[in-house]
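Colleague: only geometry, no sequence info:
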């Protein structure tokens, strides 16, 4: 996946969040978006995810073997985990993952979902409702949700938030592995997470 | 597409994302997800049923039991259903916004599929309330049918149109503040045709033996048009 951003600008509620942001990111690889609170990191990820239309400029998505993607096609090719992307608390972790897979037309089995949850340290808790999970456990489920279908573009907004040390290590390993086959964009304030990649932008 | 659909969701393999599910497949996934969450929370059903029963009680106090002309009773029945629907059906989108699941839903499901799935859920919520409210209304006011099949046909077709219109307006306002109030205000002009046809058709079913109310055509066409417009314009309706 390749993302080209040209002259991006977003204004929300009359305030300029960012302006004239431009970059070309060619995957696979890991790119970071850093900046102080309110700099627009989450907003930029939403623009990249085609969930928010920029006031100025444009984003182009290109996929090897497919070519340029429409915003709708780009959304289907990406996974996104972040504080503004919640999951359904009445459903179990496995039911959330099953919904994500089925909505995208992916084959699904509980065994496959459990493999992801095991990988992120949730073990045999996959059948329990999210409402009973701690914030760190929910974060792990969100990360598994973002990885469904092996997307070509993975957007992670503060991926280590609410995680304990063990969780942070597991996520760091997962992100490095995924970045070998996909374009991974990490938005973070955490110096340790910012050090995962050497390329990216500061807002 | 077939290849994409057959691909397993396994850690490790290189795939590149999804081409997306079919419209109906994704709509079914949204419907099933919402039905499961609704069965566990009973949020929309509780809101709708409470309002419907309260409205029914108010009407029964105003009219009195076992009384009233067929024209009035038909209007009262649809007034109760309309206000209950307006109170409850907007919840399908409100809850996604409140729980911050709206962006997640937008990410995994196409706009047309979201609309269809939510419409299905709203239809199910409305039907489940009517199973409770309509028999209570009929017994409370001593309504005698001249044509039960005609009444049921009007009820089903009006439900299709009413739930479709409220779902569409609710989707338009999915991200708006004061969502519930706006849905009621903006949906009202849109549902006037279905409400008028439902009232006249219901009155005919109450009073005209063997009659098949011609209003069924209006109701069927209305539902078809609203659903068709919704699916065709879904991308624009749900996009920021």
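Modeller: Looks like it arrived, so ask away. Nothing here was measured: the structure is a model prediction, and the numbers come from that model.

Colleague: got the residue ranges for the helices in the chain?
Modeller: You didn't say which chain, so I picked chain A. Under the criterion DSSP state H, chain A carries helices at the ranges A:41-48, A:71-76, A:93-103, A:110-119, A:135-146, A:165-178, A:191-194.

Colleague: You answered for a different chain; I wanted chain B.
Modeller: Taking DSSP H to define them, one finds helices in chain B at B:2-6, B:23-41, B:43-63, B:70-88, B:91-98, B:102-108, B:111-140, B:148-172, B:179-207, B:215-238.

Colleague: Can you tell me which of the helices of chain A is nearest to residue B:238?
Modeller: Nearest of the helices of chain A to residue B:238, taken as CB to CB: helix A:71-76 at 10.8 Å. Using the backbone N, CA and C atoms, a C-beta is placed for each residue, glycine as well.

Colleague: Nearest to residue A:68 among the helices of chain B would be which one?
Modeller: Nearest to residue A:68 among the helices of chain B is helix B:215-238 (17.8 Å), distances taken as CB to CB.

Colleague: Could you see whether chain A lies near that closest one?
Modeller: Yes. Applying CB under 8 Å from any CB of the partner chain, one finds helix B:215-238 touching chain A at residue B:235.

Colleague: Report all helices and strands that that helix contacts.
Modeller: helix B:111-140, helix B:148-172, helix B:179-207 (3 or more CB pairs under 8 Å, 6 or more residues apart in numbering or on different chains; DSSP states H and E).

Colleague: list the contacts for the residue nearest the centre of chain B?
Modeller: For chain B, the residue nearest the mean C-alpha position is residue B:163 (2.4 Å; CA atoms, centre = their mean). When contacts are counted by CB atoms under 8 Å, 6 or more residues apart in numbering or on different chains, residue B:163 touches B:85, B:89, B:119, B:122, B:123, B:126.

Colleague: go with 10 Å
Modeller: B:85, B:89, B:92, B:118-127, B:194, B:223, B:226-227 (CB atoms under 10 Å, 6 or more residues apart in numbering or on different chains).

Colleague: How many neighbouring residues does residue A:106 have?
Modeller: 26 (other CB atoms under 10 Å in any protein chain shown).

Colleague: err, residue B:94, not the other one
Modeller: Applying other CB under 10 Å, we find 21 residues neighbouring residue B:94.

Colleague: Might one say that it is in contact with residue B:174?
Modeller: Yes. Contact criterion CB atoms under 10 Å: residue B:94 and residue B:174 qualify, at 8.2 Å.

Colleague: Name the residues contacting each of the two.
Modeller: Contacts common to residue B:94 and residue B:174, judged by CB under 10 Å, 6+ apart, are B:102, B:183.

Colleague: and the residue of chain A most remote from its centre, how far is that from residue A:34?
Modeller: Here chain A reaches farthest from its C-alpha mean at residue A:14, the gap being 26.9 Å by CA atoms, centre = their mean. Taking CB to CB, to the nearest Å as the measure, residue A:14 falls 25 Å from residue A:34.

Colleague: Any regions of chain B where pLDDT drops low?
Modeller: For chain B, residues meeting the criterion pLDDT under 70 lie at B:1-20, B:64-68, B:175-181, B:211, B:240.

Colleague: switch to 80 and redo it
Modeller: Scanning chain B for pLDDT under 80 picks out B:1-21, B:42-45, B:47-48, B:59-71, B:87-91, B:143-146, B:173-187, B:209-212, B:235-240.
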